[in-house]
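Visitor: need a structure here:
(one chain, ligands or ions: 1)
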Amino acid sequence: MIDTPGRAEGWVSVFAPASVSNVGPGFDAFGFAIEAIGDTVHARLRSEPGVRIVSITGDGGALPREAERNTASVAAASMLRRFSAPPETPGLEIAVDKGLPLCSGLGSSAASAVAGAVAAMHLVGAGREVDVTSPEVFEAALDGEMVAAGGRHADNVAPSLLGGFVIVRGVDPPRWARFEPALRCHVAVVTPQIEISTRAAREALPESVSLADAVRNWSNAATLVLGLVQGDRDLVADALVDAVVEPHRAKLIPGAEAARAAAREAGAFAGGVSGSGPTMFALAENEMAAAAAAAAMAEVFAGEGLASVSTTTTICPEGARER
Ligand code: HSE
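Guide: Residues are numbered from 1 along each chain as shown. Got it, this is the predicted structure:
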């Protein structure tokens with residue numbers, strides 16, 4: 001832990017939630033924030049220019065400590081560039097508390113980047129009200145996310161920043177459509193203990209897709225959103241299917257197809273790979289069914305010789321916020 005970051009010492013602390021991205025047919029476009037788990041970034045001004053990382057906890061020493069290679073500090077530095085004007089260019093020091101496992105498919109790098117960008121905005125926002133919907137924060141968080149993910153896709157950044165369910169419509173400039181699903185559901189997330197980097201998972205994808213698969217996906221994507229907005233469980237159950245990306249990604253996760261089937265048998269009505277994996281998620285009508293789905297998926301992974309970590313949660317309407 002760092003020395004008691006708190007308001008008295010000038011520290012600002014921002015929490016950003018985990019997220020499930022892609023959500024079946026919405027590759028690089030859909031994501032929703034989840035309750036209970038996420039990353040926290042503490043930041044305060046310092047007189048020297050630039051961003052310095054003073055500590056990182058919860059990562060087992062795995063994350064880079066160099067400011068130019070860490071998602072949170074790159075995002076904070078991007079905010080600094082956008083808002084601070086010479087000659088009074090301030091620097092920042094930041095401390096990162098990782099609540100999310102790395103390379104898990106739960107938007108870990110995005111959560112750190114979002115928390116870094118928002119914490120920096122509190123400090124260098126030139127007196128502007130901190131507004132998580134401002135394009136500058138979105139772009140700065142995306143600058144941070146790029147360091148880890150290697151691409152400018154915002155389907156984890158957007159829900160972690162904004163909460164709810166977000167459709168990313170563009171990143172340059174940032175455009176999105178956000179809503180809170182009328183469908184009430186619980187979410188099971190199970191992370192088997194293998195790491196899959198987003199870069200590796202993207203390299204596993206084909207360069208082109210058949211027209212038939214594309215048609216299936218855009219039909220499913222539109223139907224899924226309609227089902228979520230209308231609270232129609234059957235539509236969501238039928239449409240949360242990806243013909244384009246998941247078939248390739250599932251091959252990287254031992255037991256993925258069996259885990260998905262086991263979750264359905266245990267009472268979930270939909271599910272799939274979370275982001276680039278290896279986390280699998282399942283949607284269920286109530287907490288008990290979500291817990292049963294999580295247990296069923298964990299059992300499949302155990303059969304593959306993989307320990308796993310399970311969480312039962314809900315879609316989180318709130319995005320990044322000060323703590
Ligand atoms: N849409 C991204 C992917 C999310 O699946 O590669 C992971 O960051």
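
Visitor: and the gap between the residue nearest to Gly24 when sequence neighbours are not counted and Val23?
Guide: Nearest non-adjacent residue to Gly24, counting by C-beta to C-beta, 6 or more residues apart in numbering: Leu240, 3.9 Å away. Every residue, glycine included, has its C-beta placed from N, CA and C. Distance check for Leu240 against Val23: by C-beta to C-beta, to the nearest Å, it reads 7 Å.

Visitor: is the one helix or strand Arg44 maps to up against the ligand anywhere?
Guide: If you go by DSSP states H and E, Arg44 is part of strand 30-46. No: counting by C-beta under 6 Å from any ligand atom, the ligand is not contacted by strand 30-46; separation bottoms out at 7.9 Å.

Visitor: what's in contact with whichever helix or strand comes after that strand?
Guide: The first helix or strand that comes after strand 30-46 along the chain, using DSSP H and E, is strand 51-57. With contact meaning C-beta atoms under 8 Å, 6 or more residues apart in numbering, strand 51-57 is reached by 1-2, 46, 63, 65-67, 70, 72-73, 76-77, 80, 91-98.

Visitor: hang on, the earlier thing: the residue nearest to Gly24: what's it in contact with?
Guide: For Leu240, the contact set (C-beta under 8 Å, 6+ apart) comprises Val23, Gly24, Pro25, Asn220, Leu224, Ala270, Gly271, Gly272, Leu283.

Visitor: neighbour-wise, which of these leads?
Guide: Neighbour counts for the contacts of Leu240 (other C-beta atoms under 10 Å) peak at Val23, which has 31 neighbours.

Visitor: so what's that one closest to, chain neighbours aside?
Guide: Excluding the flanking residues, the one nearest Val23 by C-beta to C-beta, 6+ apart is Phe30, at 4.1 Å.

Visitor: can you count the residues close to that neighbour?
Guide: By other C-beta under 10 Å, the residues close to Phe30 number 24.

Visitor: you'd agree it is up against Val166?
Guide: Yes: in this structure, Phe30 is within contact of Val166 by C-beta atoms under 8 Å, at 7.5 Å.

Visitor: where do the strands sit along the protein?
Guide: 12-21, 30-46, 51-57, 91-97, 165-171, 174-179, 186-192, 270-273, 280-284, 308-314, 321-322 (DSSP state E).

Visitor: by how many degrees do the third one and strand 30-46 diverge?
Guide: For strand 51-57 against strand 30-46, the angle between stretch directions is 110 degrees (axes from the mean of the first three to the mean of the last three C-alpha atoms, to 10 degrees).

Visitor: could I have strand 51-57 exported to PDB, CA atoms only?
Guide: Taking C-alpha atoms only, strand 51-57 is exported to PDB below (Å, rounded to 0.1, in the frame of the first residue of the first chain):
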ATOM      1  CA  VAL A  51       3.900  11.200 -14.600                       C
ATOM      2  CA  ARG A  52       5.600   9.000 -12.100                       C
ATOM      3  CA  ILE A  53       4.200   5.700 -10.700                       C
ATOM      4  CA  VAL A  54       4.800   5.500  -7.000                       C
ATOM      5  CA  SER A  55       3.300   2.000  -6.400                       C
ATOM      6  CA  ILE A  56       1.200  -0.700  -7.900                       C
ATOM      7  CA  THR A  57      -0.500  -3.300  -5.700                       C
END
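
Visitor: Each with direction, which strands does it pair with?
Guide: Using DSSP bridges, the strands paired with strand 51-57 are strand 91-97 (parallel).

Visitor: For the residue nearest the centre of the chain, give its distance to the ligand.
Guide: Of all residues in the chain, the one closest to the mean position by C-alpha atoms, centre = their mean is Gly107, 2.6 Å from it. Counting by C-beta to the nearest ligand atom, to the nearest Å, the separation of Gly107 from the ligand is 7 Å.

Visitor: Spit out the contact partners of that residue.
Guide: Ala18, Ser19, Val20, Ser21, Gly31, Leu100, Asn156, Val157, Pro159, Ser160, Gly275.

Visitor: hmm, 7 Å instead?
Guide: With contacts defined as C-beta atoms under 7 Å, 6 or more residues apart in numbering, Gly107 is in contact with Ala18, Ser19, Ser21, Asn156, Ser160, Gly275.

Visitor: cool, and Ile94?
Guide: Ile94 makes contacts with Val41, His42, Ala43, Val51, Ile53, Val54, Ala72, Ser73, Ala76, Gly116, Ala119, as judged by C-beta under 7 Å, 6+ apart.
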